[in-house]
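# Give the three-dimensional model of this entry:
(one chain, ligands or ions: 2)
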Amino acid sequence: MASLQLCLPSLRPPISRFPNPPPRCSAQRQALFNRIAPVYDDLNDLFSLGQHRIWKRMAVSWSGAKMGDCVLDVCCGSGDIAFLLSEKVGSNGKVTGLDFSREQLSIASSRQSLRWNACYKNIEWVEGDATELPFSDCYFDAITMGYGLRNVLDKRKAMEEMFRVLKPGAKLSILDFNKSTTPFVASFQEWMIDHVVVPVATGYGLAKEYEYLKSSIREFLTGKQLEQLALDEGFSTAKHYDVSGGLMGNLVATR
Ligand SMILES: C/C(=C\Cc1cc(O)c2ccccc2c1O)CCC[C@H](C)CCC[C@H](C)CCCC(C)C
Ligand SMILES: C[S@@+](CC[C@H](N)C(=O)[O-])C[C@H]1O[C@@H](n2cnc3c(N)ncnc32)[C@H](O)[C@@H]1O
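Ligands and ions are numbered 1, 2, ... in the order given. Below is the predicted model:
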């Protein structure tokens, strides 16, 4: 039976917890995102010159989320995409932001408390794992995942879970770095990480955390491989779009 939640303005919105302890390597990633949480948003703005906010708006638009919908943002982090979804679905809609980093969710919940827009009350934060979504089958009208899949160890399981909880005919929109097959683009990504991102992150004591970006992109799936993964997991259509000259990419799959 749903518990009655009194939404008192002075209290931070509650965070539901469904944590199954992740496997060791996943625990290392969980710890990484807990460590970078305090500076994550500001460094994203700095390193992308604010462009990441445009990329996230595109991902939300591609998800097809509309007024009144019930939508899910997987690997929501500090909530950027969840807040965009909240504006899209409005006060009659519902947004669930799921992440396994308690520190990221704490930032998201704090940001929600500080925002005046009434629609942001439609967001619930859930601490959980993308590979074990604590939701019913065929529940969501749209799902987004921004810069999450690349960080999930079992990508196939995550894709399977997102398929399971998405309504038939609904869309999944996955934004991430693009593992480009164009040598110049791949080289530019790595140059920026080596010569801009990591030196600045070093000043925050986070060199190793941002160095991880490079290996995570190298080990990621190409756009064509992401399309095939979605089709293998049962999606009826899947299309990967290059964003910003192929630096980033967005997979749109329809159940
Ligand atoms: C929002 C962005 C990245 C989020 C992000 C994802 C991760 O997996 C991380 C893992 C470990 C540490 C941090 C992150 C993380 O922040 C994209 C924008 C931020 C990037 C760090 C920017 C990297 C530079 C681009 C390759 C080139 C940008 C060129 C131009 C200025 C648009
Ligand atoms: C780079 S951040 C992206 C945050 C946000 N979506 C954005 O676009 O800024 C990646 C997020 O994925 C989360 N994450 C990674 N693996 C996860 C998993 N298996 N289950 C849940 N969250 C996970 C991390 O805790 C982190 O908050």
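# Give the rounded mean pLDDT of the strand or helix carrying F83.
Assigned by DSSP states H and E, F83 belongs to helix 80-89. Averaging pLDDT along helix 80-89 gives 98.
# Might you list the low-confidence residue ranges for the stretch 1-150 of the chain?
Within the stretch 1-150 of the chain, the ranges that satisfy pLDDT under 70 run 1-13, 18-24.
# so, in contact with ligand 2 or not, the helix holding F83?
Yes - Helix 80-89 comes into contact with ligand 2 (C-beta under 6 Å from any ligand atom), by way of 80-81. (Each C-beta comes from the backbone N, C-alpha and C, glycine too.)
# Determine whether any part of that helix lies close to ligand 1.
No - no part of helix 80-89 sits near ligand 1 under the criterion C-beta under 6 Å from any ligand atom; the closest distance found is 8.0 Å.
# Following element in sequence after that helix, please.
The helix or strand immediately downstream of helix 80-89 is strand 94-99, counting by DSSP H and E.
# Within range of ligand 2, give me the residues from the stretch 1-150 of the chain.
Those residues of the stretch 1-150 of the chain that sit near ligand 2, judged by C-beta under 6 Å from any ligand atom, are 26, 29-30, 33, 56, 75-77, 80-81, 99-101, 104, 129-131, 146-148.
# show me where the stretch 151-255 of the chain has strands.
Secondary structure of the stretch 151-255 of the chain, counting by DSSP state E, counting those that start in this stretch: strands at 166-177, 237-243, 248-254.
# Going by neighbour count, which residues of the first one are buried?
Residues of strand 166-177 classed as buried: 166-167, 170-177 (neighbour count, 16 or more other C-beta atoms under 10 Å).
# That strand - contacts with which helices or strands?
The elements that strand 166-177 packs onto, with contact taken as 3 or more C-beta pairs under 8 Å, 6 or more residues apart in numbering; DSSP states H and E, are helix 51-63, strand 140-146, helix 207-218, strand 248-254.
# Out of these, flag the one nearest S91.
Proximity to S91 (C-beta to C-beta) singles out strand 140-146 among the helices and strands packed on strand 166-177, at 15.7 Å.
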